[in-house]
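Engineer: model this:
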Amino acid sequence: MCDILKLKSLLDAGVMSKPKRMCEVEGCEKKHYINGYCKPHNYRVKRYGNPYSPTLKERFDRSYIPVPESGCWLWTAHVGKTGYGSICYKKKRTGSHRMSWMIHNGDIPEGLLVLHQCDTRSCVNPDHLFLGTYKDNAQDCIKKGRDNRLCGEDNHNSKLT
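Structural biologist: A predicted model of the protein is given here:
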């Protein structure tokens, strides 16, 4: 009992301060918020089930749904107006089909694009993707009938003689 009174008098005198509870995550020096974690780690526990950030592969794998009929893996996270999915990587937004290629096949060489065999813009199945140049992309577009250029009298800008 005497030790408690000594400790209380030292705290009141300002000689000692109360020990602050710190976050339980190793290496984190932030103040304890709730459940033994600081705010960011507590948020991750609630969202992902553990206090650590998910890996890129884990984030990628929970962001698509496989479609058995076509074999496509449809991206369900961020999809832009053009229909292509995207994911943040190294603080930059990157195409989800490009990220799929990098996760499953490695880096994309300079000057090459990741093209779709299935023509589904939100597909991220690596079996449906291949590398090609801008020329390959244009030829693939024409070959598959996705080229919507209007020629002759179908083009409203043409002058007929």
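
Engineer: backbone phi and psi for the residue nearest the centre of the chain, please?
Structural biologist: Nearest to the mean C-alpha position of the chain, counting by C-alpha atoms, centre = their mean, stands I87 at 3.3 Å. The phi/psi pair for I87 (degrees, to the nearest 10) reads phi -140, psi 150.

Engineer: again, but for V79
Structural biologist: Dihedral pair for V79: phi -120, psi 130, per degrees, to the nearest 10.

Engineer: doesn't G85 make contact with it?
Structural biologist: Yes. Under the criterion of C-beta atoms under 8 Å, V79 makes contact with G85 at 5.0 Å. (Each C-beta comes from the backbone N, C-alpha and C, glycine too.)

Engineer: which residues are common contacts for the two?
Structural biologist: S122 (C-beta atoms under 8 Å, 6 or more residues apart in numbering).

Engineer: neighbour count winner among these two?
Structural biologist: A count of neighbours by other C-beta atoms under 10 Å puts G85 above the other of V79 and G85, at 24 against 15.

Engineer: what about V25, neighbour count?
Structural biologist: 19.

Engineer: gap between it and G49?
Structural biologist: Distance, V25 to G49, using C-beta to C-beta, to the nearest Å: 14 Å.

Engineer: Likewise for C38?
Structural biologist: In terms of C-beta to C-beta, C38 sits 17 Å off from G49.

Engineer: same check, this time on K159
Structural biologist: 66 Å.

Engineer: between the two, who's got more neighbours?
Structural biologist: G49 (9 against 5).
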